[in-house]
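**Q** after the sequence you'll find the predicted model.
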Amino acid sequence: MYKISLITGDGIGPELSDSAISVLNTIQEKYGIEFEISKLIAGDKALEQTGKALPEDVVENIKNSDVCLKAPVGESAADVIVVLRRMLDLYANIRPSKSYPHMPALRDDIDMVIVRENTEDLYTGKEFSLGDSAVALRIISEAESKRIAKYAFETAKQRNSMKKVTCVHKSNVMRVTDGLFAKACIEVSKDYPEIKFEEMYVDACAMNLIRQPEKFDVVVTTNLFGDILSDESSQVVGGLGMAPAANLGDDFALFEPVHGAAFDIAGQNIANPSSFLLSIKMMLDWLGAKHNDQKCFEMAKKLESTIFDLVKTGIKTKDIGGDKTTTEFTKQITDNL
């Protein structure tokens, strides 16, 4: 049995969480993969109720689980996800972007993964005022840069693709910090002679994601650049509603949709659950790899194919051109799993 800690989130988060639970229950009933799901409150609602966006009992529950699913949270997001990434050493943020049928992608042959360093850079929160100015410390270390570079090369090795890693940085301007990151990636690349390696400045990468997205395979970059480029790559293949994400460490993982809490449509039963459900697909792959569980691999593949077979036949939520509610779309998935 896999213990799943589920942060139900804010805004549309509880609706998406209900969708996720329906799918997980269906997997358990039909395929015998057992889950024990603990629903947890973190984010704006927790802050209002307890004075903390991430209460200690929630942290303990997560630490005692096998894996964490997190629905989107509101304005207190940084006090939840950024803290959890550092606390649990979830150093790799993985954002796949892939063309699927009947989605408004720029091309139909896009299949890339952005591997983003997840614990350093400007996201450490080390900011302060200095007179009439504000200062933020950008921290890049050799150890973390090499660790994320190695993860990127291992990812490229395992993918059935062009076997290429693109290191994205801005070392022509930030010579010390990004210079260190680029140097670390170059050093790691020497251990993977079978993988093509290239460097690209971040502004050129932002342009090429639009101009020739099919040329990318695995992109490795720093935290801030990765945050921005991964949202861009999601839009290139049709939007954030279909974009999952994984936050991975050596022993633990957290999976989440990449979009926000969308308070403007909360409670209307029109949110697209696909991003969260595709995050469950990534979770199943991770559990399969960690526990050598073939059932999890098979279920991950089936869940992904079910979602996109539905989209292919025109069964979609409103944000991607359909007319299904969150509940209706979820039921279509559970009926066809």
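**A** Ah, there it is.

**Q** going by C-alpha atoms from here, please, whenever you check contacts or count neighbours.
**A** Fine.

**Q** hang on, isn't residue 300 packed against residue 285?
**A** Yes. Counting by Cα atoms under 8 Å, residue 300 touches residue 285, with 6.0 Å between them.

**Q** excluding its backbone neighbours, what's nearest residue 75?
**A** Using Cα to Cα, 6 or more residues apart in numbering and skipping the chain neighbours, the partner closest in space to residue 75 is residue 44 (6.6 Å).

**Q** wait, the one you found touches residue 73, no?
**A** Yes. Contact status for residue 44 versus residue 73: in contact at 6.9 Å, counting by Cα under 8 Å.

**Q** the two - which one has more neighbours?
**A** Neighbour count, other Cα atoms under 10 Å: between residue 44 and residue 73, residue 73 has more, with 30 against 23.

**Q** assign that one to helix, strand or coil.
**A** Here residue 73 takes the coil state, with states given by DSSP: H, G, I helix; E, B strand; the rest coil.

**Q** show the contacting residues for the residue nearest to residue 75.
**A** By Cα atoms under 8 Å, 6 or more residues apart in numbering, the contact list for residue 44 reads 10, 53, 73, 74, 75, 76.

**Q** please, a ChimeraX command that selects the buried ones among those residues?
**A** Only the buried entries of the contacts of residue 44 go into this ChimeraX selection, using 16 or more other Cα atoms under 10 Å:
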select :10,53,73,74,76
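
**Q** so what's the residue most central in space within the chain up against?
**A** By Cα atoms, centre = their mean, the mean C-alpha position of the chain lies nearest to residue 245, the distance being 1.3 Å. Residues near residue 245 by Cα under 8 Å, 6+ apart: 93, 94, 95, 96, 255, 256, 257, 258, 279, 282.

**Q** and the least confident of these?
**A** Lowest-confidence member of the contacts of residue 245: residue 258, scoring 91 (pLDDT).

**Q** distance of that one relative to residue 273?
**A** 11 Å (Cα to Cα, to the nearest Å).

**Q** which two in the contacts of residue 44 are spaced the farthest apart?
**A** Farthest-apart pair in these is 10 and 53; separation 11.2 Å (Cα to Cα).

**Q** mind listing what's buried in stretch 262-273?
**A** Within stretch 262-273, the residues that count as buried by 16+ other Cα under 10 Å are 266, 269, 270, 271, 272, 273.

**Q** out of these, list just those in strands.
**A** Of the buried residues of stretch 262-273, none are assigned to strands by DSSP state E.

**Q** just give me the closest of the residues you listed to residue 28.
**A** In terms of Cα to Cα, no member of the buried residues of stretch 262-273 lies closer to residue 28 than residue 273, at 19.1 Å.

**Q** tell me the contacts of residue 129?
**A** With the criterion set at Cα under 8 Å, 6+ apart, residue 129 makes contact with residue 135.

**Q** quick check, it in a strand?
**A** Yes. Counting by three-state DSSP, residue 129 is found in a strand.

**Q** where does the prediction get shaky in the protein?
**A** Under the criterion pLDDT under 70, no range of the chain is flagged.

**Q** any idea how it splits into domains?
**A** Structural domains assigned to the chain are 1-92+243-337, 106-236, following automatic domain parsing.

**Q** would CSV of these with distance to residue 100 be doable?
**A** Below are the domains of the chain laid out as CSV (distance: least, Cα to Cα, whole Å):
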stretch, distance to residue 100
domain 1-92+243-337, 7
domain 106-236, 7
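
**Q** residue 247 in helix, strand or coil?
**A** Residue 247 ends up strand, using three-state DSSP.

**Q** wait, it sits on residue 85?
**A** Yes. Using Cα under 8 Å, residue 247 is in contact with residue 85, at 7.2 Å.
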